[in-house]
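>>> predicted structure and sequence below. I'll ask about it afterward.
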Amino acid sequence: NAGVIQTPRHKVTGKGQEATLWCEPISGHSAVFWYRQTIVQGLEFLTYFRNQAPIDDSGMPKERFSAQMPNQSHSTLKIQSTQPQDSAVYLCASSLVLGYAEQFFGPGTRLTVL
Amino acid sequence: QQKVQQSPESLSVPEGGMASLNCTSSDRNFQYFWWYRQHSGEGPKALMSIFSDGDKKEGRFTAHLNKASLHVSLHIRDSQPSDSALYFCAASDTGYQNFYFGKGTSLTVIP
């Protein structure tokens, strides 16, 4: 079991460019989560999927952020027209079921927007 | 309003000492609590869960939950330098429509 895999581990983009972050959840896990972590804001919930269907994207900045889960083996977080304030560590997590199940986190993707 | 509040923001304890971390939820629907630990450069990792009132002990770690006051604590005895990390409290409701993390407590164990 390789755990949750996130690629790339580091990404540097210029202001206004697009960034796509990838997540491969643990096989068999039905729930997939995306979080953003900064020193100032801490760990912020962005969105989650259950059985590939988007359930709650209340944490997503609406205009430039989008997330998809085209199949059970990967999810993507896309940020269009990146801004310096998007610089953060983006974490993906998966859990076996919803409810009281433990979330398993990937190592994160550190996004730096110049 | 932050659904899950943690205190203190940072904590330093000597090696071998006791570290005590606190967490309070503002929503009575939150019945399930977790403690997660994050070392620098890694993603958070679950330490333990607690769903019932009282104490739950796992090795050097003891969690205590008081549902009436919506307060959960984590006590680390015989703290080690490897315990230095960011500790998150997380809470979810019974229907799992919501799952919240606190802002974390940064623990430093001084050798």
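Happy to help now that I have it. The shown structure was predicted, so the numbers you read here are calculated from the model rather than taken from an experiment.
>>> what does chain A have sitting close to chain B?
Chain A has residues A:4, A:33, A:35, A:42-43, A:45, A:56, A:91, A:93, A:98-100, A:102-108 near chain B, with proximity defined as C-beta under 8 Å from any C-beta of the partner chain. The way it works is simple: take the backbone N, C-alpha and C, and place the C-beta from them, glycine included.
>>> adjacent strands (with direction) for whatever helix or strand A:Thr76 lives in?
Assigned by DSSP states H and E, A:Thr76 belongs to strand A:74-79. Strand A:74-79 has the following strand partners under DSSP bridges: strand A:19-24 (antiparallel), strand A:65-71 (antiparallel).
>>> burial-wise, tell me which of those strands comes out on top.
Highest mean neighbour count among these (mean count of other C-beta atoms under 10 Å in any protein chain shown): strand A:19-24, with a mean of 19.
>>> what element comes up after it heading to the C-terminus?
With elements assigned by DSSP H and E, the helix or strand that comes after strand A:19-24 is strand A:31-38.
>>> got the contact list for residue 9?
Chain wasn't specified; assuming chain A. A:Pro107, A:Gly108, A:Thr109, A:Arg110 (C-beta atoms under 8 Å, 6 or more residues apart in numbering or on different chains).
>>> my question was about chain B
Contacts of B:Glu9 (C-beta under 8 Å, 6+ apart): B:Lys103, B:Gly104, B:Thr105, B:Ser106.
>>> so what's the residue of chain A found nearest chain B bridging to?
Nearest residue of chain A to chain B: A:Phe105, at 3.1 Å (C-beta to the nearest C-beta). Beta-bridge pairing for A:Phe105 (DSSP bridges): A:Ala93.
>>> roughly how far does it sit from A:Pro54?
Separation of A:Phe105 from A:Pro54 (C-beta to C-beta, to the nearest Å): 20 Å.
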